[in-house]
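*Asks:* this is a predicted model, with the sequence first.
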Amino acid sequence: MKKALVFTFLVGLSSHTFAADKCQVKSVFNMVAFGSDYVKGKNLNANGSIASGNNIQLLNSEIQNSDCRALSSNGNVTVNDSRINGSIESFGKLVINKTEVKGQVRSPNKIELRDSSVGIVVSPKGSTLVNSTRERWWTSSLINSIDLNKFRNDVASESKKFAAQPKSENLKLIVYKENLTLSLKNKDNVVSLNSDQLAKIKNLEIRGDVEQTLVINVTGETIALDQNVIDISGDIEPFNIVWNFHQAKSVVISETSDQVLGVPGRILAPNANVKLENALVSGGIYAKSIDFNVAGENNSSKLREIKYLDK
Amino acid sequence: MKKLIGLFFKSCFLFVMLQGAAFANYEINEAWSTDNRSQIKVECSSYTNVCKQLCNNQKVCVLKNSTCKDCISTGVKMTYLFSSFGKDLNSNDDEVSIYEFVDFLINDTFIAFSPNNIYNQFDSAQSDALAERFKVMCPNKFKTPIAFFKIENRVLDIQNARYVTCGDSVYRLELKSSLLE
């Protein structure tokens, strides 16, 4: 009996520890999107954790991050007509309207729920429920916070570091009409393009293997990736591709959503507003602010956390 | 026992490594139709749009491998052709954009040769040696390359050598001899 109790305790402890490890956010790059100023989404379908140093607004969106953090914000969070599979935490005002949250909602302030259902409400000030259900309420003031201010600095310093790297001498650029193939030769590869060159590329093929990394430094204040087809060949992993828009103030990625990976890789744009319009990014976006699908009533944008391809 | 366990883990590791090494986003091979006609089969993984661009199918494209008028013979041209692979006909390590190759497959009439091609009347008894010479054309050491020639009016001109496919890499194929110029 004693042995059984010890075993049960250990199993319970290990699963708890596992869940905590799984949900730990050690770096901003564990997230699928981070906007230091804000994240706004309409018709967004995201797989992974989204965070903002300030406010998050979502409308008609679906966020999948199982039992972990789906949304984290230093400011206000407003979610309307959405489905959130994961937890939400906000240090500001948390308002959830016509939304199902499969997880906890956490805030030091009173949480507003209208026509919604949530798992556990964690707030010392409780919640206002209008036509809503909650499974439980914990009065704890403990918010399992992450250092979003540090993340802002991490994105900026990472971008700066990549921008300073010299371009690789023996990386092969194969140009054919409006198509570009980048054939990687080193373990770590750096290529530089300007925003005009990038805008002219119709098809981009990135050819590399599983151990290789690629940084694409793009200069220019305004970046547009419109209907570009980006293929990867060989074993290179999307997480090992970095798009570094270090000078950008505006980045617009549009009409890529019918493609397989859309834009594969991590997008770093610490000083830019990044807009996705009916677009797909398979990797992550780390920017000053992010607008998902600001244009087009019937469009949707997708954001997938793909670190390793399923081969 | 310890050795056996070590061997088991080594085998698992090798298996995983080989599985990883076998992955390519597109592969180009010769295939045969039910009525024994040579075809070029392009198979794409789910991470590339190459097949979609080529035939508007996400996974596989089957293309007609053309025939040429005077190719089933042991005449000088075909003898020279099959003895040239990996020697006078070589890739020169010039990697080509997959988009250029897709354009070629869409817009040109072509004939493609692999080592076991039916047109090889010259040294079919030495197919292993020919396969080895074919491999020489692939800087990435791919085992089953295919050489592509542009043909016009079903006439094969060896100087119209265009590309050699080596797995998911394509190289420009060049005739380096001036014998037939």
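*Replies:* Sure thing, it's come through.
*Asks:* burial measure for residue A:69, as a count.
*Replies:* 24 (other CB atoms under 10 Å in any protein chain shown). For the C-beta atoms, the positions are set from N, CA and C on the backbone; glycine is no exception.
*Asks:* residues of chain B that sit close to chain A?
*Replies:* Within chain B, the positions lying close to chain A (CB under 8 Å from any CB of the partner chain) are B:19-20, B:23-26, B:45-50, B:53, B:58, B:95-100, B:103, B:168-169.
*Asks:* let's go with 10 Å and repeat that
*Replies:* Residues of chain B lying near chain A by CB under 10 Å from any CB of the partner chain: B:19-26, B:44-50, B:52-53, B:58, B:94-103, B:167-170.
*Asks:* pull out the buried residues from those.
*Replies:* B:23-26, B:44-45, B:47-50, B:52-53, B:95-103, B:167-170 (16 or more other CB atoms under 10 Å in any protein chain shown).
*Asks:* do a quick rundown of the helices in the stretch 1-150 of chain A.
*Replies:* For the stretch 1-150 of chain A, applying DSSP state H, counting those that start in this stretch gives helices covering A:2-23, A:148-163.
*Asks:* comparing the ones you listed by mean pLDDT, which bottoms out?
*Replies:* Comparing mean pLDDT across the helices of the stretch 1-150 of chain A, the weakest is helix A:2-23, with a mean of 41.
*Asks:* for chain A, what lies in contact range of chain B?
*Replies:* So chain A meets chain B at A:172-181, A:183, A:202-205, A:207, A:209-210, A:229-236, A:238, A:258-261, A:264, A:282, A:306, A:309-311 (CB under 10 Å from any CB).
*Asks:* next step: these restricted to strands.
*Replies:* A:172-176, A:179-181, A:183, A:203-205, A:207, A:229-234, A:264, A:282 (DSSP state E).
*Asks:* put the buried members of the residues you listed into a ChimeraX selection.
*Replies:* This is how ChimeraX selects the buried members of those, with burial counted by 16+ other CB under 10 Å:
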select /A:174,176,179,180,181,183,203,204,205,207,229,230,231,232,233,234,264,282
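*Asks:* part of a strand, is residue B:132?
*Replies:* No. Assessed with DSSP: H, G, I helix; E, B strand; the rest coil, residue B:132 is helix; it does not lie in a strand.
*Asks:* how many residues are close by it?
*Replies:* Using other CB under 10 Å, residue B:132 has 13 other residues around it.
*Asks:* the one 5 residues further on now?
*Replies:* The number of residues packed near residue B:137 is 22, by other CB under 10 Å.
*Asks:* give me the contact list for stretch B:134-145.
*Replies:* Applying CB atoms under 10 Å, 6 or more residues apart in numbering or on different chains, the contact partners of stretch B:134-145 are B:24, B:27-30, B:85-87, B:89-95, B:113-116, B:127, B:131, B:146-147, B:163-169, B:171, B:173.
*Asks:* give me the buried subset of those.
*Replies:* Using 16+ other CB under 10 Å, the buried ones in these are B:24, B:27-28, B:30, B:85-86, B:89-91, B:95, B:113-115, B:131, B:146-147, B:163-169, B:171, B:173.
*Asks:* okay, how far is it across stretch A:193-209, tip to tip?
*Replies:* 22 Å (CA to CA, to the nearest Å).
*Asks:* average model confidence for it?
*Replies:* Average pLDDT, stretch A:193-209: 93.
*Asks:* who's in contact with the residue of the stretch 201-311 of chain A found nearest chain B?
*Replies:* In the stretch 201-311 of chain A, the residue that lies nearest chain B is residue A:233 (4.1 Å; CB to the nearest CB). Residues in contact with residue A:233 (CB under 10 Å, 6+ apart) are A:181, A:183, A:205-209, B:23-26, B:44-45, B:47-48, B:50, B:98, B:167-169.
*Asks:* ok, for it, nearest residue in space, not its chain neighbours?
*Replies:* Leaving out its chain neighbours, the residue that sits closest to residue A:233 by CB to CB, 6 or more residues apart in numbering or on different chains is residue B:25, at 4.1 Å.
*Asks:* repeat that for residue A:226.
*Replies:* That would be residue A:254: by CB to CB, 6+ apart, it lies 4.9 Å from residue A:226.
*Asks:* next: residue A:300.
*Replies:* Distances taken as CB to CB, 6+ apart put residue A:43 closest to residue A:300, at 3.9 Å, once the chain neighbours are dropped.
*Asks:* tell me if I'm right that residue B:130 and residue B:117 touch.
*Replies:* Yes. In terms of CB atoms under 10 Å, residue B:130 counts as a neighbour of residue B:117; the distance is 9.4 Å.
*Asks:* beta partners of residue 96?
*Replies:* Using chain A. Residue A:96 forms beta bridges with residue A:79, residue A:113, as assigned by DSSP bridges.
*Asks:* that's the wrong chain, I wanted chain B
*Replies:* According to DSSP bridges, beta-bridge pairing links residue B:96 with residue B:170.
*Asks:* ok, back up a step: on the pLDDT front, check the residue nearest to residue A:300 for me.
*Replies:* At residue A:43, pLDDT is 90.
*Asks:* with residue A:99 as the reference, measure out to it.
*Replies:* 14 Å (CB to CB, to the nearest Å).
*Asks:* okay, the residue nearest to residue B:46 when sequence neighbours are not counted and residue A:302: tell me how far apart.
*Replies:* Of all residues beyond its chain neighbours, the one nearest residue B:46 is residue A:260 (6.0 Å), with distances taken as CB to CB, 6+ apart. As defined by CB to CB, residue A:260 lies at a distance of 12 Å from residue A:302.
*Asks:* mind listing what the residue lying closest to residue A:186 once chain neighbours are set aside touches?
*Replies:* Counting by CB to CB, 6+ apart, residue A:186 lies nearest to residue A:168, which is 5.6 Å off, once chain neighbours are set aside. Listed by CB under 10 Å, 6+ apart, the contact set of residue A:168 reads A:182, A:184, A:185, A:186, A:188, A:189, A:190, A:191, A:192, A:214, A:215.
*Asks:* filter these down to just the buried residues.
*Replies:* A:182, A:184, A:189, A:190, A:191, A:192, A:214, A:215.
*Asks:* ok, of the residues you listed, which one's closest to residue A:247?
*Replies:* Using CB to CB, residue A:192 comes nearest to residue A:247 of the buried ones among the contacts of residue A:168, at 11.4 Å.
*Asks:* sec struct for the closest one, please.
*Replies:* strand.
*Asks:* among the buried ones among the residues of chain B next to chain A, name the ones in strands.
*Replies:* B:26, B:44, B:95, B:96, B:169, B:170.
*Asks:* and residue A:165, helix, strand or coil?
*Replies:* Going by three-state DSSP: residue A:165 is coil.
*Asks:* isn't it right next to residue A:188, touching?
*Replies:* Yes. If you go by CB under 10 Å, residue A:165 and residue A:188 touch, sitting 8.4 Å apart.
*Asks:* overlap in contacts, these two.
*Replies:* Common neighbours of residue A:165 and residue A:188 (CB under 10 Å, 6+ apart) are residue A:215.
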